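# one predicted model, sequence on top.
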Amino acid sequence: MNLDAQHPLNTGLTADSRLIQAYQGTRPAVTPVWFMRQAGRSLPEYRDLRVGTRMLDVCLDPELAAEITLQPVRRHHVDAGIFFSDIVVPLKLVGVDVEIVPGKGPVLGKAVRTAADVAELTALDPAQLDTALAPITLAVRRAVAELGSTPLIGFAGAPFTLAAYLVEGGPSKDHIHARTLMQADPDAWDALMSWTADVTGRFLRAQVMAGASAAQLFDSWAGALSLQDYSRFVAPASTKAIAHVRDLSYGLAPAADAATDAPLTHRNVPIVHFGVGTGEILKEMHNIGADVVGVDYRVPLDEANRRLGGTVPIQGNVDPALLAAPWPVLEAHVRDVMKRGESAPSHVVNLGHGVPPETDPDVLGRIVELVHTVSAGE
Ligand code: CP3
């Protein structure tokens, strides 16, 4: 389905941006850069806005969510905004009892451990989201209107990462209950994953329809799985989740009176797939139907590119730990990441995971400047 004529990919505002060019596999003149978790606690203006408001309430306030999305773009001059929200927002909107506990993360009212728990959860109808997602649509529209030619990236949690929270009941180190359930009761697991794919896929689609120019699926905890388990118990649901946006394309027919016989070229909205500790499953993370693979800091990008077969645009992978190192150490590391990224068809500089809350925001601005000047050969 073609996005509407007002979508920034169709108006021409973002289709030729550095980010979208790189995501489509072409190397732009200047390498694009943005940071996972660029919106949030590292910014004093974010901490000021958050005072007295719970995280999920902020996510459902279109004005606040749009404003927080814009903060890092204004400050750091990054090449993309990422929509300010959270992976558990669609769970909350479909009726799951979930809160985000400061300093901890998502915590469920009740863990989903048995087939009966799965049946109770999946009785919540994902179609409810079509109206419940209205605040998300409004927030995206607002942010996109302000961003102009800077593309907005929409995002969602992959079914496994969401299921890990649902089954554990909160954050966990090794996701042991989730990994037990997939083996002990594959039918219940498949039902859980299929429902979660539908819920998270609708959240992602709403963002792209409202104006996001790319989509990123976060499977943060997929690195906890063996290749075999990932392929059997996770990959099909991730494919199902992105099917909600895989059909979306852009590229308008030339106006009837335009003196051109340029052929109409439709392109799919680019989809990025990222996880932590996923060196062993990089190829499968591409094979679920993603266009771009996000790499964490554990695998150097030239090696990641080799594992991906040399044909896949890559994103990453500055080590977040080095953000607190002396600038010469960080600078040398960023230059090394860029050098290794040259082996891939195209490269979007990012971190290997999110910005730590205690990061000095000026350091992020300095990285943006460095990436832009080094890649432009200045
Ligand atoms: O700037 C951005 O990247 C956009 C915003 C964003 C948030 N969460 C805001 C947030 C994004 C993309 C996410 C995704 C997310 N949420 C993931 C996948 C990415 C990753 O980091 O692996 C995961 C696993 C979650 C679940 C979650 N939500 C965690 C682990 C936490 C942190 C808990 C804490 O306090 O340390 C949250 C809460 C959260 N989500 C915050 C923010 C800015 C902190 C809330 C606060 O300010 O108190």
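It's in. Numbers count the residues shown, from 1 in each chain.
# and stretch 54-66, end to end?
End-to-end span of stretch 54-66 (C-alpha to C-alpha, to the nearest Å): 16 Å.
# who touches it?
Residues outside stretch 54-66 that contact it (C-beta atoms under 8 Å, 6 or more residues apart in numbering): 49-50, 53, 68, 83-86, 88-89, 92, 98-100, 102, 135-136, 138-140, 142-143, 146. (C-beta placed from N, C-alpha, C; glycine too.)
# now, which of these lie close to the ligand?
Among these, the ones lying near the ligand by C-beta under 6 Å from any ligand atom are Arg50, Phe84, Asp86, Ile100, Pro102.
# tell me the one among these nearest to Asp130.
Asp130 lies nearest to Asp86 out of these, by C-beta to C-beta, at 19.9 Å.
# surely that closest one meets Glu99?
No: with contact defined as C-beta atoms under 8 Å, Asp86 does not count as touching Glu99 (10.8 Å).
# now the common contact residues for those two.
Listed as contacting both Asp86 and Glu99 by C-beta under 8 Å, 6+ apart are Leu56, Pro106.
# any idea how many residues pack against Asp4?
By the measure other C-beta atoms under 10 Å, the count of residues near Asp4 is 12.
# surely it is in a strand?
No: applying DSSP: H, G, I helix; E, B strand; the rest coil, one finds Asp4 to be coil, outside a strand.
# correct me if wrong: it contacts Thr11.
No: between Asp4 and Thr11 there is no contact under C-beta under 8 Å: 9.9 Å.
# what is the burial count for Asp57?
11.
# that one: which element?
For Asp57, the host element (DSSP states H and E) is helix 55-59.
# and that helix, C-alpha only, in PDB?
Output of helix 55-59 as PDB, limited to C-alpha atoms (Å, rounded to 0.1, in the frame of the first residue of the first chain):
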ATOM      1  CA  MET A  55       6.700   7.500  32.100                       C
ATOM      2  CA  LEU A  56       3.700   5.900  30.500                       C
ATOM      3  CA  ASP A  57       1.500   9.000  31.100                       C
ATOM      4  CA  VAL A  58       4.200  11.000  29.200                       C
ATOM      5  CA  CYS A  59       4.100   8.500  26.400                       C
END
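# wait, does it contact the ligand?
Yes: using C-beta under 6 Å from any ligand atom, helix 55-59 reaches the ligand at Met55.
# now do that helix, average pLDDT.
Computed over helix 55-59, the mean pLDDT rounds to 97.
# show me which residues of the stretch 151-300 of the chain sit near the ligand.
Counting by C-beta under 6 Å from any ligand atom, the stretch 151-300 of the chain comes close to the ligand at Phe155, Thr161, Phe218, Ser220.
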